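Enquirer: Predicted model and sequence below, questions to follow.
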Amino acid sequence: MLFPGLSGGSNNLYTHTLARAALSKGFNCGVVIFRCAENIPITSGKVTCAASIDDVTEAVEYVYNKHILDAQTQEIRTRLYVYGTSLGAVLVGLHLEKHGINAKVNGALLYGGPYECVVGHNFLYDNAYGAYSYVLGMFLNHFLLHVTLPHLRKFMTKEEGDRIQLVLSTNRTGLKTLDEEIFTPMYGYKSPDEYFRAITLAGKFHQIKVPTFSLHALDDFVCQPDLSPKKEA
């Protein structure tokens, strides 16, 4: 199972490349498409962010019950591996941490995930003079405002829909505004600090009980090198 980055879809080079490589080795691959990506129907008032851990659980449970577990004999037919990139890496890691020995996967590969968000979010906001966070955030902001929000409104009050529209229309900081004023309240957190604590995997790696390999670049624009939990891993 392949979990993409913030774009949330399957139509990107890194997913295509990995899928082709896996298929050539005999693996069966599937990409988990995030909420609102690739024009899939919107069925709730939420979009995908680092707090969408239950979405990973639902996808894993579906694949496990449909393709891994034999419904008649209850025997395991094959193994299940998960791979996450960036946002996908965080979500997969948090899923594995949450379920511990009950996780229904045999192994995981995490690439480029920002595991320390309580302190590390400031690095993302400020790195390269904030250009990366701004461009990435404003691209997502434009999509949420003009494509997603009209469909989300049916699942929320008019007041909340108007509030989100105002936030998106006046966003001047990019990802920072989305984290603080969209994702934090959307997932029921009382403050950005509470949200960042909830999506931080650093300090929780010991609760992952399946073989897991994590890979980072030292010059990653998203992840502060000295906050990578190498010793913990």
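Expert: Noted; the coordinates are in hand.
Enquirer: Where does pLDDT dip in the protein?
Expert: 233 (pLDDT under 70).
Enquirer: Please, where are all the strands along the protein?
Expert: Secondary structure of the chain, counting by DSSP state E: strands at 2-3, 81-85, 107-111, 212-215.
Enquirer: how about those, which one is nearest residue 72?
Expert: Among the strands of the chain, strand 81-85 comes nearest to residue 72, with 24.2 Å by Cβ to Cβ. C-beta coordinates here come from the backbone N, C-alpha and C atoms, glycine included.
Enquirer: Between strand 107-111 and the closest one, find me the angle.
Expert: Angle of strand 81-85 versus strand 107-111, following axes from the mean of the first three to the mean of the last three Cα atoms, to 10 degrees, is 10 degrees.
Enquirer: And strand 81-85, what's buried?
Expert: 81, 82, 83, 84, 85 (16 or more other Cβ atoms under 10 Å).
Enquirer: ditto for stretch 85-100
Expert: Applying 16+ other Cβ under 10 Å to stretch 85-100 flags 85-99 as buried.
Enquirer: So which of those residues belong to helices?
Expert: Taking DSSP state H, the ones among the buried residues of stretch 85-100 that sit in helices are 87-99.
Enquirer: now, which of those residues sits nearest residue 72?
Expert: After measuring these against residue 72 - Cβ to Cβ - the closest member comes out as residue 99, at 25.3 Å.
Enquirer: Kindly provide the distance from the spatially closest residue to that closest one that is not a sequence neighbour to residue 214.
Expert: Leaving aside its sequence neighbours, residue 99 sits nearest to residue 57 (Cβ to Cβ, 6 or more residues apart in numbering; 7.3 Å). Distance, residue 57 to residue 214, using Cβ to Cβ, to the nearest Å: 20 Å.
Enquirer: Between the two, which has more neighbouring residues?
Expert: Comparing residue 57 with residue 214 by other Cβ atoms under 10 Å, the one with more neighbours is residue 214, at 21 against 17.
Enquirer: Tell me how far the more buried one lies from residue 201.
Expert: Where residue 201 is concerned, residue 214 sits at a distance of 10 Å (Cβ to Cβ).
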